[in-house]
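**Q** Model the structure of this input:
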Amino acid sequence: MSQDQTALSDVPPLPSQEDETRRTHSRLRRRLLEGQWKQDLENKCRSFFPPQTVERFGNLDVSRNLFGTIVKQLAIQYDNPPRVTHADSDVDEFAARVRHDGLWSIGARNARNTIGMREGLMRTDYSTERGELLYRAVPSDLVYAEAAADNPDEPNLVVEARLASLDVGDGKGEQDRWTWDVLDLRDPQDPKYRVLLPSGRAQIEDARDITEQVLGGRFSGGDYPYIVNSAPTLPYALFHAQRTGELFNPYDNSEQVEATLLIGALWTFWGYLCRDAAYSQRWAIGVQLGGGAIRGSGKAARKEVHLDPTSIAMFTEEVPGGGRLGQFGASVDPERYQLAVDSFEQRVLAHSGLSPDDFQKSGGAAESGYAIALKRETVRRIQKASEAQFERADKEVLALSAALLNANEGGSLPESGYSIRYMAVPPTPSERQARVAEATSLLEVGLASPVDIVLAQHPGMERAEAFAHLDTVREERVEFASMDKLPDAVDDLGGMLAPTGGEVKAADTALNGAQVTAATGIVERVAMGALPRDSGISMLSEFFNIPKPQAERIMGSVGRSFRPTLQE
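**A** Next comes the predicted model:
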């Protein structure tokens, strides 16, 4: 069976013309996500500019895809494969298997579809020929679905349009044709899996059943192949960007979709202005420019004369002795036009739920200071908000994957009860440094613990995991190093505090026994990595009224090259 699920020029027939409005809008979104939107941009240009202007544009500018840029930055659920666990079983081998068979790599495409089109489907199968699980991301515009009234956002009927190379006996031989994969659980006692060839009316009851021709057998009733925990299930998991209590919610963030087309038209016009209008405009009175050719036809017809630096413009005098030539200034400033379009983009994003604070500052002029690049903290926040929806569907995929492996390879994997942990976007070095500095300052005043410093470095880690990590660090330090042996420079703090050059009186710098113990504790914490070296030096200087150079001498090599010595 040959397939081309990205063939967008041919609209597939699907049941229910009432649902075609949703599918049409979803197809537009998919074209934007897949970079196939040039025709849509041309249509927008023709509705926005006069036809003569559009004819002069030349290439349409599809390089500025606002919608696609935002969606790709948010669809990061599987950039790092999630962690799969089970409370009652060791499923490490199973987790490695689904990863090897492509669940998370194909899931990344499905995540893009889900975020951009608001819904996406993942189909799971097993190939007996290849001996592996097969995963396929199915865009929602290729699907018709129904749901039960008591479970309105989970389908019990899915009809997927697929291309297949078939000879249907009409004398045309083997050709690529749209077929339907129909999975029907509306009657759970009689599950159906059929392949149909739609007729002109595009109704299920009128379609021709070609299941045996395509699949080599029948797979309904007792032969239905998708069984999880002894109950039939659909091989499709429906992913929602946001649960709304309905099967499809295709129009959220439509502002970004419409604005992307309009901004593409405006940037196309900007390129046209740079090429044809960003220079002084010459004029003539009483003379006629010779040569030229007629370009275009109908309302778009125009006379053009080709000129470049090597050309010689030939003029014919229309009024004897009265001809004049001159020029106006440039009719447009490309930079100011660019700032206006940039400002428009920012306002569009604000109306679609994103503020300037969510974007990275790029510098430059104030009007164009924000790049269309989301801050990582914004991506993490939106990722966290969508995890519940993705987790619900991913658990369905894992359960069916386990069931198919059990049925085809004789395994005994659990078919429910899986847990999924999504990996958060790691912080940038500067972001990590700022987070750790903030946690450290809170630690110094008693409002945080070392656990918070670990969480600042690893934003996706749970608090219990951070606590366990610190326990492991403490045990390893006890096992491999003597933490009570500090460098010789700290053994005698009194000697380190001797005045230099007579500038500091000994009485001003001498510490009593309790202060020496406290200062030693600060040095120990720096040696153990619980405090940054700079913070330790500042604490010595501020708490004990020690000049910074003296505090540096007390700290010695701690926090630089010094590490606690091994036990003897």
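**Q** Now do the same for the closest residue to K395 other than its chain neighbours: its pLDDT.
**A** Closest residue to K395 in three dimensions, ignoring its sequence neighbours and counting by C-beta to C-beta, 6 or more residues apart in numbering: Y418, at 5.4 Å. (Glycine included, C-beta is placed from N, CA and C.) If you check Y418, the pLDDT there is 97.
**Q** Across the sheet, point out what pairs with Y418.
**A** Here Y418 sits in beta bridges with H86, as judged by DSSP bridges.
**Q** List the residues that contact it.
**A** Taking C-beta atoms under 8 Å, 6 or more residues apart in numbering as the definition of contact, the neighbours of Y418 are 84-86, 91, 395, 398-399, 402.
**Q** Those, buried ones only, as a PyMOL selection?
**A** Of those, the buried ones can be selected in PyMOL as follows, counting by 16 or more other C-beta atoms under 10 Å:
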select buried, resi 84+86+91+395+398+399+402
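**Q** out of the contacts of Y418, which are inside helices?
**A** When helices are assigned by DSSP state H, the members of the contacts of Y418 inside them are 395, 398-399, 402.
**Q** Report the separation between the residue nearest to K395 and H469.
**A** When distance is defined by C-beta to C-beta, to the nearest Å, Y418 is 24 Å away from H469.
**Q** Quick one: the contacts of Y418 as JSON lines, columns for distance to V473 and pLDDT too.
**A** Rendered in JSON lines, the data for these read as follows (distance: C-beta to C-beta, whole Å; pLDDT from 0 to 100):
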{"residue": "V84", "distance to V473": "27", "pLDDT": "95"}
{"residue": "T85", "distance to V473": "23", "pLDDT": "94"}
{"residue": "H86", "distance to V473": "28", "pLDDT": "95"}
{"residue": "V91", "distance to V473": "28", "pLDDT": "95"}
{"residue": "K395", "distance to V473": "33", "pLDDT": "97"}
{"residue": "L398", "distance to V473": "33", "pLDDT": "97"}
{"residue": "A399", "distance to V473": "37", "pLDDT": "97"}
{"residue": "A402", "distance to V473": "36", "pLDDT": "97"}
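**Q** which among the contacts of Y418 gets closest to V182?
**A** Taking C-beta to C-beta as the measure, A399 is the one of the contacts of Y418 closest to V182, at 22.2 Å.
**Q** Make sure that closest one is actually in contact with I227.
**A** No. Counting by C-beta atoms under 8 Å, A399 stays clear of I227, with 10.9 Å between them.
**Q** joint contacts of those two?
**A** Between them, A399 and I227 share the contacting residues T233, judged by C-beta under 8 Å, 6+ apart.
**Q** three-state assignment of Q189?
**A** The assignment at Q189 comes out as coil when based on DSSP: H, G, I helix; E, B strand; the rest coil.
**Q** how close does it sit to R474?
**A** With distances taken as C-beta to C-beta, Q189 is found 59 Å from R474.
**Q** which of the two has more neighbours?
**A** Relative neighbour count places R474 above the other of Q189 and R474, with 13 against 7, counting by other C-beta atoms under 10 Å.
**Q** Show the pLDDT at that one.
**A** pLDDT, the model's per-residue confidence, is 78 for R474.
**Q** Now D358. Nearest residue, chain neighbours left out?
**A** Using C-beta to C-beta, 6+ apart and skipping the chain neighbours, the partner closest in space to D358 is T378 (4.2 Å).
**Q** I misspoke; the intended subject was Y193.
**A** F219 (4.3 Å).
**Q** now do A527
**A** Nearest residue to A527 in three dimensions, chain neighbours excluded: V558, at 4.9 Å (C-beta to C-beta, 6+ apart).
**Q** try K548
**A** The shortest distance from K548 to any non-neighbouring residue, by C-beta to C-beta, 6+ apart, is to S541 (5.2 Å).
**Q** The one you found - that's part of a helix, no?
**A** Yes. Looking at S541 with three-state DSSP, it is inside a helix.
**Q** neighbours around it, how many?
**A** With other C-beta under 10 Å as criterion, S541 counts 17.
**Q** how about it, what does it touch?
**A** 547-548, 550-551.
**Q** Now do it against P547, distance only.
**A** When distances are taken as C-beta to C-beta, S541 and P547 turn out to be 7 Å apart.
**Q** The stretch 201-350 of the chain: strands as residue ranges?
**A** Counting by DSSP state E, counting those that start in this stretch, the stretch 201-350 of the chain has these strands, from start to end: 208-209, 227-228, 231-232, 236-240, 280-285, 287-289, 293-295, 302-304, 315-317, 324-330.
**Q** can you tell which of those strands is closest to R123?
**A** strand 236-240 (5.3 Å).
**Q** average pLDDT across that closest one?
**A** Computed over strand 236-240, the mean pLDDT rounds to 97.
**Q** Parallel or antiparallel, list what pairs with it.
**A** Sheet pairing for strand 236-240, using DSSP bridges, gives strand 119-127 (antiparallel).
**Q** what sits up against the strand it pairs with?
**A** The contact list for strand 119-127 (C-beta under 8 Å, 6+ apart) reads 106-107, 110-114, 132-140, 143, 158, 160, 235-241, 247-250, 393, 397, 400-401, 404-405, 407-408.
**Q** now with 6 Å?
**A** With contacts defined as C-beta atoms under 6 Å, 6 or more residues apart in numbering, strand 119-127 is touched by 110, 113-114, 133-136, 138, 140, 235-240, 248, 397, 400-401, 404, 408.
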